[in-house]
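[1] Turn this into a model:
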Amino acid sequence: IFQEPMSSLNPSLTVALICLMALGAALVVAAWRPLPAGLTVLIGLLLYGTVAAVLLERGLVLDLVYPPLALLMSFAAALSSRLMVEQAEQRVIREAMGRYLSPVVSQWVLADPDRLRLGGETREMTVLFSDLRSFTTLAHTLPPPTLVALLNRYRAEMADVVFRHDGVLAQYAGDAIEAFWNAPMDQPDHARRACETALDMVAALAILQPIFVAR
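    Model prediction:
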């Protein structure tokens, strides 16, 4: 019985195969979501093992350590890097949205960012406008640091009230506040939410007034 001699793949081809596996894993992670990318890497490992078995029967030995290891290590490194970048981006987005959206609306948006698509749509909404009576006259009599401190405290309290009713802060303009409901998230009771917000804002201001007078 004669047995064919076994031969190993050329070292330069093995190095090229290692680089190809590592690059392929990185590209897969960059192009697809983690789950499809992981399944693709798993399929790649199975295909590599199948090819290695077929070539072994023909007398050619493929390296079963370094190319698969390069694939797995590249996949793990690329996936970790992507997750860290995405978490950092989401943290920045959450902080930015936290200034204008309530936690409920923020989570609704983050669950599917495609909901905030470009373009317009027609829908019924409720918009609330509020400002402080005689604020312009008051502003002319207060030192700037006191005025800024007063405004910051007032805005923070009013924003909490708006967010408590899942409203969206559209803008601040001095002492004026604009908020709206029923966008981007559907809120069938949007008019009631806005009215309750207005009542709660008046109640919150009544608590703030003696504090401001004391200052």
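
[2] Now do the helix or strand where Pro210 lies: which elements does it pack against?
    Secondary structure from DSSP states H and E places Pro210 in helix 190-214. If contacts are counted by 3 or more Cβ pairs under 8 Å, 6 or more residues apart in numbering; DSSP states H and E, helix 190-214 sits against strand 126-130, helix 144-164, strand 176-181. In this view, the C-beta of every residue, glycine as well, is placed from N, C-alpha and C.

[3] Can you tell me which of the ones you listed is nearest to Ala203?
    Among those, helix 144-164 comes nearest to Ala203, with 8.5 Å by Cβ to Cβ.

[4] Mind listing what's buried along the closest one?
    Neighbour-count burial for helix 144-164 flags Leu147, Leu150, Leu151, Tyr154, Met158, Ala159, Val161, Val162, Phe163 (criterion: 16 or more other Cβ atoms under 10 Å).

[5] Nearest to Ser106 among the residues you listed?
    The shortest approach to Ser106 among those belongs to Phe163, at 9.4 Å (Cβ to Cβ).

[6] so where's the longest helix in the protein?
    helix 66-97 (DSSP state H).

[7] Tell me how far it lies from the chain's centre.
    14 Å (Cα atoms, centre = their mean, to the nearest Å).

[8] is it possible to export the buried residues of helix 144-164 to JSON lines including distance to Asn10?
    Shown next, in JSON lines, are the buried residues of helix 144-164 (distance: Cβ to Cβ, whole Å):
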{"residue": "Leu147", "distance to Asn10": "77"}
{"residue": "Leu150", "distance to Asn10": "77"}
{"residue": "Leu151", "distance to Asn10": "73"}
{"residue": "Tyr154", "distance to Asn10": "75"}
{"residue": "Met158", "distance to Asn10": "73"}
{"residue": "Ala159", "distance to Asn10": "67"}
{"residue": "Val161", "distance to Asn10": "73"}
{"residue": "Val162", "distance to Asn10": "69"}
{"residue": "Phe163", "distance to Asn10": "65"}
